[in-house]
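Visitor: Structure here, sequence nowhere to be found:
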């Protein structure tokens, strides 16, 4: 057996006290679903590029389109997915729509994920 194989307990002996403690802290199914949806949306490289751009400053669709070398329609589609999960918000100024991160939690989530992948192993 190689060391990369999945390791399991040699003897089946669940700790019922620990299990009960963890069960008391379980999240509601709808919360788990929303969290899963958030991570799923953040799993797309284009959306991560958008979040990275918006981490620096508020941008309009034209700005993001130019930055990522994509059509405004494609950017708008990606922004809609981010907006649906409250990851980005927008404001209108005349005929221009500006996007920004919805709140500091999104930036923290992004930065922590980035720190994780950037750390040396």
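Guide: Looks like it arrived, so ask away. Please read these numbers as outputs of a predicted model, since none were measured by experiment.

Visitor: got a list of contacts for the host helix or strand of residue 73?
Guide: Assigned by DSSP states H and E, residue 73 belongs to helix 72-84. Helix 72-84 is contacted by residues 41, 44, 46-47, 50-51, 61-62, 64-65, 68, 88-90, 99 when judged by Cβ atoms under 8 Å, 6 or more residues apart in numbering. C-beta: built from backbone N, CA, C; applies to glycine.

Visitor: Please compute how far stretch 107-115 lies from its chain's middle.
Guide: 9 Å (Cα atoms, centre = their mean, to the nearest Å).

Visitor: Would you mark the buried spots in that stretch?
Guide: For stretch 107-115, the neighbour count (16 or more other Cβ atoms under 10 Å) marks 109-110 as buried.

Visitor: residues in contact with that stretch?
Guide: So stretch 107-115 is contacted by 42, 48, 51-52, 55, 101 (Cβ under 8 Å, 6+ apart).

Visitor: quick one: which of those residues is nearest residue 23?
Guide: residue 42 (28.0 Å; Cβ to Cβ).
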